[in-house]
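Asks: I'll drop the sequence and a predicted model, then ask my questions.
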Amino acid sequence: MTAATADIPGRGSFARGIHPAGRKSLASGAAIEVLPTPKTVLIPLSQHIGAPCEPVAKPKTAVAVGDVVGDVKAFVAAPVHSSVDGLTGAPTVTTLPNARHVAAIPIAAADEQALAGRALFDDLFGGDWPTRGLGAHAPEAVGEAVRNAGVVGMGGATFPTHVKLARNEARPVDTLIVNGCECEPYLTADHRLMLEAAGAIVTGSLLAAHAAGAERIIVAIEDNKPDAVEAMRRASEGTGITVAAVNTQYPMGGERCLVPAVMGRAIPTGGLPLDVGVVVVNVGTASAIAAAVLRGRALTHRVISVTGEGVSRPKNILAPVGASYGDLIAFCGGLKPDAARVVAGGPMMGFALAELDVPVTKGTSGVVVLTDSQLRRADETACIRCGRCVDACPLGLVASRIALAVRARDWDVAKRYHLPACVECGCCNYVCPAQIPLVQLIRTGKAMMPRD
Amino acid sequence: MAEAAKKADEPGAPLMGVAPGPHLAAPRSTRAVMADVLIGLAPVFVAGCWVFRWRAAMQVGICVASCVAFEAIWQRLRGRRQTVGDLSAAVTGAILGLSIPWTAPWYVGVVGSGVAIVIAKMLFGGLGSNIFNPAMAGRAFLQACFAGQMTTYVFKGAAGGGLPPGVADAVTQATPLAGGKFEQIAYGLKELAIGTVNGSVGETSAVACVIGGLYLIVRRAADWRAPTAMLLAAAAVAAVGQWADADAVLTVGHHVLSGALLFGAAYIVTDPATSPISRRGRWIYGAGVGLLVMMIRLFANVPEGVMFAVLVMNMTVPLIDRWTVPRPVGGAANDAK
């Protein structure tokens, strides 16, 4: 616990959780590089929680970066835009790493791009970011700009941000938490963003707090990133923003652990941070909000951490949405011979890829390539009721009882042990000596449990 | 680097597998947990061999071998894959062997192992599904069927030993608890702690049990809550007993250091499969065992009560589990969804 946590209402840590090896040093020193524009990008029409978009641009239309290619008239939705200058193709279907089949629009990139390389980076993150006079933007105008830009939660959940920031008199907000924790092992995208684009994050946080009506802003960063804490403190001087270094433990970046750690308030099971007067926004989302409101930029690019012992040169890449995982890995020198699994996202909650010709989306925060020796191979045994899962679960659940009840299709027991409360963080799986696929069973149970 | 730059679908590219996450895990296995328990039993085994000589080692060896054999034969007869590799049968055998007198004939160990593994463990569904602690269930059967052999404790002292029962030099002594209860003899606390007293192979040395128990707790092969609750409850009842009956020869110290109390605290109530899974439940379970042990010692016709206390509390574990479902952070799941 550092001195910074004295400024926040909570303890700066939460009970239980796990402490996996961070392995961040593989990529934390790599400054953000801009991916050379790929030959084609494939823009999925559903990159968010909510109603999928419908195609707006017809095939064989010339589009520029930021042109809308998909939209839908629903509140909980966000439009998708082209991430390259080029020519659209006929809609097709792609399978995302979470096994959803979604419609997608291919766009063939033109040979000449208006913005590329460093110029693209500077347009998104560089230059001056004002910290005063932001109140001139009306909250509704901020929300509209955010929606039109297609900004969604970039920590991975992809919830449409304008919905999160919309004011609701029945549920007032007093605090905005800006999430720079990045608790998953290996990932360093948010870390580099805080070092290289702190100004954009600060401006975006101020705009987001103004839109939501929050009086206080707290930037939460795990204390394994002291340089990021320092960078954010310098960028937020004079703004009243508190930068807090919280305890490094997994899953601190999950809102159900972060809000209790920072605010001392527990989010009700089945509820949202909004229920306790808090809105949580990822640092990447904050910078996207700033770019959307002040520079009219749509969310077309994001920083992705391509790392792991199985990739030749780990990097943090600013990539266009719709580039393929293969493009990213090729830019990093390709896979090593002992690469055994490519994971979209972090190694705890990410999904393994079956093929690399799949597009990255607004929510793709990282690509982790694991090698043979890192993947566990022991046989599954019966549950010995050792209780390690109980000691690890940050929400206080008994994962083994829930998972075995799902296996036996005993929904009464599953409900009694609070199956719907699980957030699938994977702490239980990590510690289980019997190799029981606890998270997979719980996921299956959530899908199969009868609704009454 | 040319090989590394190949695309995934080219021949010679690395073969990638797909599996559900999480994709990282701590390097622990069931076998590692059981191996830790065996290591934790080592101090007690060494102390028992020092006091009772090589026959003690034979007793434990017979029980371990029998337990492993019974489980292997059972799995073969049922056509299932072998599970003896996870070492849980070996642990049952070691605990059983350490909890019977070294003078018991070889068939006592074999029969006890058979009951422990086949009846108390495999018939209930195997590892993790058993309600009763297999070693204690086996021992209870032995106490009923071979009462004479099970209650004959021969103490040779560290200087002699190795002679079979019946030889003129053998001295049959009572265990410290029996001596205290039936003959009003109190042993010295130091002897009780080190283990130069009579008893079953493993229960004599309190110090060895404490060392082994601490090792298990540090390695997280055992949860500290049940043993702590057990010892506190037993000490509390013993203190009340000592205060109520000033003429009793056995003090709180005697009770805590004698018999299988510490052995039970370190190795038997910590058996995860037969104790509650919630943390609060383990406190209740441990306290119940401690309470029952002392009640049996003070009021029943037998001097030692760990075995029966554990078996009775084993029966209550499903109920304790039901009563102590932890409340999630954020409250119970919202049903109105």
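Replies: That came through fine. The model shown is predicted, which means the values in this text are computed figures rather than measured ones.
Asks: in what helix or strand does the residue in the stretch 101-250 of chain A positioned nearest to chain B lie?
Replies: The minimum distance from the stretch 101-250 of chain A to chain B, using C-beta to the nearest C-beta, falls at A:P185 (6.5 Å). Quick note: C-beta positions are derived from backbone N, CA and C, even for glycine. Secondary-structure element containing A:P185, defined by DSSP states H and E: none, the residue being outside all helices and strands.
Asks: so who does it touch?
Replies: When contacts are counted by C-beta atoms under 8 Å, 6 or more residues apart in numbering or on different chains, A:P185 touches A:P20, A:A21, A:G22, A:R23, A:K24, A:Y250, A:G346, A:P347, A:M348, A:V368, B:L24.
Asks: give me that answer again for 10 Å
Replies: Under the criterion of C-beta atoms under 10 Å, 6 or more residues apart in numbering or on different chains, the contact partners of A:P185 comprise A:20-24, A:26, A:250, A:307-308, A:346-348, A:366, A:368, B:23-24.
Asks: same check, this time on A:R16
Replies: Residues near A:R16 by C-beta under 10 Å, 6+ apart: A:Q249, A:C257, A:V390, A:D391, A:A392, A:C393, A:P394, A:L395, A:G396, A:C427, B:V329.
Asks: what about residue 239, which SS state?
Replies: Went with chain A since none was named. Following DSSP: H, G, I helix; E, B strand; the rest coil, the label given to A:T239 is coil.
Asks: nope, chain B
Replies: Taken by three-state DSSP, the conformation at B:A239 corresponds to helix.
Asks: pretty sure it is in contact with B:T251, am I right?
Replies: Yes. B:A239 is in contact with B:T251 according to C-beta atoms under 10 Å; the separation is 9.0 Å.
Asks: which residue packs closest to the residue nearest the centre of chain B, ignoring adjacent ones?
Replies: With distances taken as C-alpha atoms, centre = their mean, the residue of chain B nearest its centroid is B:I268 (2.8 Å). Once flanking residues are discounted, B:I268 sits nearest to B:V310: 5.4 Å by C-beta to C-beta, 6 or more residues apart in numbering or on different chains.
Asks: Are we agreed that the one you found is in a helix?
Replies: Yes. If the criterion is three-state DSSP, then B:V310 is within a helix.
Asks: what's it in contact with, if anything?
Replies: The neighbourhood of B:V310, defined by C-beta under 10 Å, 6+ apart, consists of B:132-133, B:135-137, B:139-140, B:230, B:260, B:264, B:268-269, B:271, B:274-275, B:285, B:288-289, B:292-293.
Asks: So which of those residues belong to strands?
Replies: Secondary structure from DSSP state E places none of these in strands.
Asks: Please, a PyMOL command that selects the buried ones among these?
Replies: Applying 16 or more other C-beta atoms under 10 Å in any protein chain shown to those leaves a buried subset, and the PyMOL line that selects it is:
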select buried, chain B and resi 132+133+135+136+137+139+140+230+260+264+268+269+271+274+275+285+288+289+292+293
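Asks: Against A:P139, how distant is the residue of the stretch 251-400 of chain A at minimum distance from chain B?
Replies: With C-beta to the nearest C-beta, the shortest gap between the stretch 251-400 of chain A and chain B falls at A:G270, namely 3.5 Å. A:G270 sits 28 Å away from A:P139 when distances are taken as C-beta to C-beta, to the nearest Å.
Asks: so which strand or helix has B:V60?
Replies: Secondary-structure assignment from DSSP H and E places B:V60 in helix B:54-78.
Asks: at contact distance from chain A, anything in that helix?
Replies: No. Taking C-beta under 10 Å from any C-beta of the partner chain as the criterion, helix B:54-78 and chain A are apart, separated by no less than 12.7 Å.
Asks: do stretch A:236-246 and chain B meet?
Replies: No. Using C-beta under 10 Å from any C-beta, no contact is recorded between stretch A:236-246 and chain B, whose separation bottoms out at 16.5 Å.
Asks: buried stuff in that stretch?
Replies: A:S236, A:I241, A:T242, A:V243, A:A244, A:A245, A:V246.
Asks: Also stretch B:276-293?
Replies: B:276-279, B:281-293.
Asks: now stretch A:269-282
Replies: Per 16+ other C-beta under 10 Å, stretch A:269-282 contains these buried residues: A:T269, A:G270, A:L272, A:P273, A:L274, A:V276, A:V278, A:V279, A:V280, A:V281, A:N282.
Asks: hang on, the second one packs against A:C422?
Replies: In other words, A:G270. No. Using C-beta under 10 Å, A:G270 is not in contact with A:C422; the gap is 11.4 Å.
Asks: Give the residues shared as contacts by these two.
Replies: Taking C-beta under 10 Å, 6+ apart as the contact rule, the neighbours common to A:G270 and A:C422 are B:A333.
Asks: Report the contact partners of the residue in the stretch 151-300 of chain B positioned nearest to chain A.
Replies: Per C-beta to the nearest C-beta, the residue of the stretch 151-300 of chain B with the smallest distance to chain A is B:P272, at 4.4 Å. Contacts for B:P272 (C-beta under 10 Å, 6+ apart) come out as A:383-388, B:33, B:37, B:128, B:221-223, B:226, B:282.
Asks: Make a markdown table from those residues and add secondary structure, pLDDT and distance to A:V65 to it.
Replies: As requested, those are arranged in a markdown table below (DSSP: H, G, I helix; E, B strand; the rest coil; pLDDT from 0 to 100; distance: C-beta to C-beta, whole Å):
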| residue | secondary structure | pLDDT | distance to A:V65 |
| --- | --- | --- | --- |
| A:C383 | coil | 93 | 52 |
| A:I384 | coil | 92 | 56 |
| A:R385 | coil | 92 | 56 |
| A:C386 | coil | 91 | 54 |
| A:G387 | coil | 91 | 53 |
| A:R388 | helix | 93 | 49 |
| B:V33 | helix | 92 | 55 |
| B:V37 | helix | 94 | 62 |
| B:G128 | coil | 89 | 57 |
| B:A221 | coil | 89 | 58 |
| B:A222 | coil | 90 | 60 |
| B:D223 | coil | 90 | 57 |
| B:A226 | helix | 94 | 63 |
| B:R282 | helix | 95 | 59 |
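Asks: quick check, nearest of these to A:G127?
Replies: A:R388 (49.9 Å; C-beta to C-beta).
Asks: quick one, what contacts the closest one?
Replies: The neighbourhood of A:R388, defined by C-beta under 10 Å, 6+ apart, consists of A:18, A:399-400, A:427-428, A:430-434, B:26, B:28, B:33, B:220, B:223, B:272.
Asks: what about 6 Å?
Replies: With contact taken as C-beta atoms under 6 Å, 6 or more residues apart in numbering or on different chains, A:R388 is in contact with A:V431.
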